[in-house]
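Novice: Predicted model and sequence below, questions to follow.
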Amino acid sequence: MFLPARRWRLPYLALLTVVGLLLSASALEAYRLSGGTRPWEPFLWEFSSIAVIGLLVLAVHALVGRLAGRPWPQQLAAHAVALPLFSLLHIAGMFGIRLLVYGLAGVEYHPDALPTLLVFEGGKDAVSYLSFCLISRGVWMAQAANARAQELDRARRELAEARLARLADQVQPHFLFNTLNLISSVMYEDVARADRLLCDLAQLLRQTLAAQQRAEHSVADELALVQPFLALMQARFGPERLVVQIDADDAARACRLPALLLLAPVENAVKHDVARHRGRVTVAVSARREGDELVLTVRNQGEGPAPEPLPPDPDGGLGLRNLRERLQARYGTAARVDFGPEGRGMALHLVMPCGC
């Protein structure tokens, strides 16, 4: 019950062995100076103590763990009982081993009288017991902190997955209904166009569902998701109002990034500019690799009369706040997000490590 986890058993035995050898080497020198003639005796003395202590420490560690969180009076009462028991077991086990080995070796062994042993060894055991309790308390606290950190990390991963699912829902029902209405309105006039729209919609839904099943994918996969979305938007507003530009070099396409990272910014560019702009708007998505970094840009530039301004939002809306939080959780300070006006439109610049 008190054995350490399997992966710690060998290191623990190695530690006890090293401590026993160091103490034995020190005792051997004093033993020789005092005229001792059996060099194995200091090793027996020290290792008999270390062996018993090694087992008792495991029990002390388990006791400290069981007492954690209980009121201090209960803990003090338990330790008041455990300390003398610790000392008695140490003394009994240590001298039991010694008497056995001396008996097998045919050498007489005369330990000190029991009252002397109890006083001498008991004092050392009290110091040892207190030290072990403090060390054990620190170990339990470290393990609890590590468990809390793992739980926090798990909660963060679950939150990131929830945000990912929420971002996947950017293909909102009203967008789906508008697209189906668009297809319905042209299917009798332009069957080929209606067929293309259905194919683009099916590809978008298929890609979105697939992206929900993985945490990250390549830039090429992300663009394969963005392209049918923009194609549908272009069909909805017409090529005279929405111009789409996608530019990504091969090195950037091979980089990996969180799935569905660009869909929300691109959707925002359409919803907050094209849908409100009276003239033609160009939505441009670019990706390039600069050293070990991936640089993504989403721009929208309008022509003609400017749309009515939206209420100011320095974060760029809920979608971009989620984007910032996802990048912060995934890359920390290695990722940067810049969003603001550029020319007659807005621009979003994302910089993150290029994972391949």
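Specialist: Thanks, I have the structure now.

Novice: Give me the buried positions along the helix or strand hosting Leu198.
Specialist: Using DSSP states H and E, Leu198 sits within helix 191-211. Of the residues in helix 191-211, 194, 196-197, 200-201, 203-204, 207-208, 211 count as buried by neighbour count, 16 or more other CB atoms under 10 Å. Backbone N, C-alpha and C define where each C-beta goes, glycine included.

Novice: how about the strands in the stretch 151-300 of the chain?
Specialist: Counting by DSSP state E, counting those that start in this stretch, one finds strands in the stretch 151-300 of the chain at the ranges 216-218, 242-248, 256-258, 281-290, 293-302.

Novice: From the centroid of the chain, which residue is nearest?
Specialist: For the chain, the residue nearest the mean C-alpha position is Asp153 (4.6 Å; CA atoms, centre = their mean).

Novice: distance of Val281 from Asp292?
Specialist: The gap separating Val281 from Asp292 is 34 Å, by CB to CB, to the nearest Å.

Novice: Between those two, which is the more surrounded one?
Specialist: When Val281 and Asp292 are compared for neighbours, Val281 comes out ahead with 24 against 11, by other CB atoms under 10 Å.

Novice: Low-confidence bits of the stretch 101-250 of the chain, can you list those?
Specialist: 160-176, 178, 211-213 (pLDDT under 70).

Novice: So what's the residue count around Ser184?
Specialist: By other CB under 10 Å, 10 other residues sit near Ser184.

Novice: Begin at 50 from now on, thanks
Specialist: From this message on, residue numbering opens at 50, which makes the last subject Ser233.

Novice: now it: how far from Leu246?
Specialist: 10 Å.

Novice: Kindly present the strands of the stretch 200-349 of the chain as CSV, with separate columns for distance to Glu170.
Specialist: Below are those laid out as CSV (distance: least, CB to CB, whole Å):
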stretch, distance to Glu170
strand 265-267, 61
strand 291-297, 75
strand 305-307, 62
strand 330-339, 69
strand 342-351, 65
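
Novice: Val275 is nearest to which of the ones you listed?
Specialist: Val275 lies closest, by CB to CB, to one member of those: strand 330-339, at 6.2 Å.

Novice: tell me which residues in that closest one are buried?
Specialist: 330-338.

Novice: All set now, cheers.
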